[in-house]
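A.B. asks: Let's see this in three dimensions:
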Amino acid sequence: MPDDLYLTQAAIADSTTMLNRVTACAASEGEELPHGWANQQRWHWATQPGWAAAWDSALVAHPEPDYDPGEDQAVISDGMILSAVQSLRGGAG
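C.D. replies: Residues are numbered from 1 along each chain as shown. Have a look, this model is predicted:
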């Protein structure tokens with residue numbers, strides 16, 4: 001396990017872009033209060049397997065200070081978000 005795993009997971013959980021993307025997904029999956037749900041679940045979706053490694057890799061590849069991995073579909077795709085949301089909602093959709 002990388003030494004900075006928890007720091008990276010915290011950065012993902014703290015990302016407004018990721019929160020907004022997860023909220024949009026939760027809304028499309030029928031969550032009645034998608035923003036509240038996404039916010040409550042932020043530590044669960046931010047710690048999905050592979051997300052931290054993808055995030056760190058993207059930051060290494062894009063060292064510019066204004067780069068936001070949460071906006072980059074090549075880092076955490078909509079499909080990855082959908083899978084996490086469906087799993088966290090118990091397969092509800």
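A.B. asks: mean confidence score for the lengthiest helix in the chain?
C.D. replies: Secondary structure of the chain read by DSSP state H shows that its longest helix is helix 16-28. Mean pLDDT, helix 16-28: 98.
A.B. asks: Please apply the same query to stretch 35-45.
C.D. replies: 98.
A.B. asks: Report the buried residues of that stretch.
C.D. replies: Going by neighbour count (16 or more other Cβ atoms under 10 Å), the buried part of stretch 35-45 is 37-38, 41-42, 45. For glycine as for every other residue, the C-beta is placed from the backbone atoms N, C-alpha and C.
A.B. asks: Count the neighbours of Ser87 for me.
C.D. replies: 12 (other Cβ atoms under 10 Å).
A.B. asks: how about the host helix or strand of it as CSV, C-alpha atoms only?
C.D. replies: Element membership of Ser87 [criterion: DSSP states H and E] is helix 78-88. Extracted C-alpha coordinates of helix 78-88, given in CSV (Å, rounded to 0.1, in the frame of the first residue of the first chain):
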residue,chain,number,x,y,z
ASP,A,78,-18.5,7.8,-15.6
GLY,A,79,-18.6,4.0,-15.7
MET,A,80,-16.5,3.8,-12.6
ILE,A,81,-18.7,6.3,-10.8
LEU,A,82,-21.8,4.5,-11.9
SER,A,83,-20.5,1.2,-10.7
ALA,A,84,-19.6,2.7,-7.3
VAL,A,85,-23.0,4.4,-6.9
GLN,A,86,-24.9,1.2,-7.8
SER,A,87,-22.8,-0.8,-5.4
LEU,A,88,-23.2,1.7,-2.6
